[in-house]
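> I'll drop the sequence and a predicted model, then ask my questions.
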Amino acid sequence: MKVKFIIIAFLVICFQGINAQEVQPTIVLDSSKVKVISPEEQKLIEKAELERKLKEDKLTLKEKQRAEKEQKKLEKEQKRFEKEQKKIASTEKSLIKVKDKKAKAIKDLDKMEAKFAKNRAKEKLSPVEIEKENVKISKQQLKIKELEEDILKAEKKLNKLR
């Protein structure tokens, strides 16, 4: 892009001399003396002006590129931040779900124990059925312990993300 810009500027400078009209000497009046600018001096002044303009254009282009680079950097940073926020929200959501599962499992365990105590008090259960109920209750307690571990993991993950 820079090379194209330089080539175009060079071609403009070259062809400008071909298309230029004959310039009449300009008379500049000073309070003390009269100064006449020759066509060669006029061409030098125009060349210097074009070079100055070319430098200004280069600087403007560099500034524009720098601004675009900064903009891209800011957009990338914003996307990363939004991604982190989504992760945090997702982790919070999963933590809430696990806590709900734990609460439900505790409620189910309480129901099982109450039903078991009720049937045991009535002496309706055989020793095999009592063992089966004890195994069910133990499984439920194990499930609750696993859910508690999941809660701890989710909380650690959430604290790490924050």
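Everything's here; your move.
> what's the spacing between residue 96 and residue 147?
13 Å (Cβ to Cβ, to the nearest Å). Backbone N, C-alpha and C define where each C-beta goes, glycine included.
> compare these two (neighbour count), which wins?
residue 147 (19 against 11; other Cβ atoms under 10 Å).
> what's the helix or strand for the closest residue to residue 125 other than its chain neighbours?
Leaving aside its sequence neighbours, residue 125 sits nearest to residue 119 (Cβ to Cβ, 6 or more residues apart in numbering; 5.2 Å). Using DSSP states H and E, the element containing residue 119 is helix 39-121.
> residue 133 against residue 112, yeah?
Yes: the criterion here is Cβ atoms under 8 Å, and residue 133 meets it with residue 112 at 7.4 Å.
> that older thread, so the residue nearest to residue 125 touches residue 113, yeah?
No: when contacts are counted by Cβ under 8 Å, residue 119 is not listed as touching residue 113 (11.0 Å).
> which residues touch residue 7?
By Cβ atoms under 8 Å, 6 or more residues apart in numbering, no residues touch residue 7.
> distance of it relative to residue 66?
23 Å.
> pLDDT weak spots in this structure?
Scanning the chain for pLDDT under 70 picks out the ranges 14-36.
> and with 90 instead?
By pLDDT under 90, the low-scoring segments of the chain are 1-44, 115-130, 157-158, 160-162.
> spatially central residue for it, please.
residue 79 (1.9 Å; Cα atoms, centre = their mean).
> check contacts around it.
Not one residue lies near residue 79 by Cβ under 8 Å, 6+ apart.
> pull up the gap between it and residue 92, please.
Remark: distance between residue 79 and residue 92 (Cβ to Cβ) = 21 Å.
> do the same with residue 64
Separation of residue 64 from residue 92 (Cβ to Cβ): 42 Å.
> residue 48 too?
66 Å.
> which of these two has more residues huddled nearby?
Higher neighbour count among residue 48 and residue 92: residue 92, with 14 against 10, using other Cβ under 10 Å.
> residue 113 and residue 138 touch, don't they?
No: with contacts counted by Cβ under 8 Å, residue 113 stays clear of residue 138, the gap being 11.4 Å.
> show me what contacts residue 99?
Residue 99 sits next to residue 151 when contact means Cβ under 8 Å, 6+ apart.
> for residue 106, which non-adjacent residue is closest in space?
residue 144 (6.1 Å).
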